[in-house]
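Asks: Need coordinates for the following:
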Amino acid sequence: MPSWSRLRTLIQGFGLRWQARGIHCMEDRYLDTHAFHFFRAGVACRLRHDNHRSELCLKALRPAVRGVADRMEVTEKLAHWPARAPVCFPGRRIKAMAVACGFPVAMRELVRLRQVRRTAVVRGADDFAVLISLDIAKVAGTSHVLREIEFELRGGSVARLRHLARGVGLACGLHTAPGSKFTQALAAAGVRVPAAGRGSGARLFFGAARQ
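Replies: Numbering: from 1, shown residues only. As a prediction, this is how the structure comes out:
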């Protein structure tokens with residue numbers, strides 16, 4: 001994994017402007033029902049505490065195609081960070097969505113991550129813009145550490161995003177992650193889960209969000 005300064009130098013070598021955003025210390029708790037309703041539907045349920053801000057998020061578990069995955073998510077800010085893993089669904093809006101889809105509200109914690117994230121926005125001369133995150137995440141209860149660079153397209157073409165990510169990967173000897181941090185953390189923690197859904201549940205959830 002390259003250092004932050006090495007990554008900046010590589011990015012600037014592509015003729016892009018680099019604007020550092022800062023460092024985030026985060027704790028992520030991934031939740032599900034006892035019967036894995038969310039995972040079966042192809043959805044990850046995540047509680048995140050980030051620099052004194054707490055939120056609940058539902059994210060579609062969509063596989064990457066040639067290293068790029070579409071993001072589909074719903075996020076709700078929480079007034080308080082629960083001191084313990086919640087046994088009942090936190091939040092209001094997302095809880096209402098879950099109930100409308102027939103899911104129970106009793107929850108349990110599957111896995112927890114503590115991570116440090118450094119971010120920067122890089123821009124081209126046109127509308128090309130990418131949010132770059134360098135994450136180092138510790139899987140709680142294990143010695144496993146996940147290291148990842150994420151490229152999030154904010155403007156411009158997917159082809160150009162692939163070109164940038166491939167160039168950085170080749171220069172640093174990196175490879176495409178075998179899955180999301182969530183699924184990698186589940187494997188590292190030895191959590192046995194059923195097969196993930198093919199997205200029908202995710203479409204149901206995010207369709208409800210747009211109503």
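Asks: and I136, how far is that from R147?
Replies: According to CB to CB, to the nearest Å, I136 stands 5 Å off from R147. (Each C-beta comes from the backbone N, C-alpha and C, glycine too.)
Asks: Next: C57.
Replies: C57 is 22 Å from R147, where distance means CB to CB.
Asks: Summarise which helices and strands the helix or strand harbouring A137 is packed against.
Replies: Assigned by DSSP states H and E, A137 belongs to strand 129-139. If contacts are counted by 3 or more CB pairs under 8 Å, 6 or more residues apart in numbering; DSSP states H and E, strand 129-139 sits against helix 4-12, strand 108-123, strand 145-155, helix 181-189.
Asks: and those as CSV, adding distance to K77?
Replies: Shown next, in CSV, are the helices and strands packed on strand 129-139 (distance: least, CB to CB, whole Å):
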stretch, distance to K77
helix 4-12, 29
strand 108-123, 19
strand 145-155, 20
helix 181-189, 21
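Asks: Now tabulate these in a markdown table and tack on distance to A35 and mean pLDDT.
Replies: Formatted as a markdown table, the helices and strands packed on strand 129-139 follow (distance: least, CB to CB, whole Å; pLDDT from 0 to 100):
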| stretch | distance to A35 | mean pLDDT |
| --- | --- | --- |
| helix 4-12 | 42 | 92 |
| strand 108-123 | 10 | 94 |
| strand 145-155 | 27 | 92 |
| helix 181-189 | 16 | 90 |
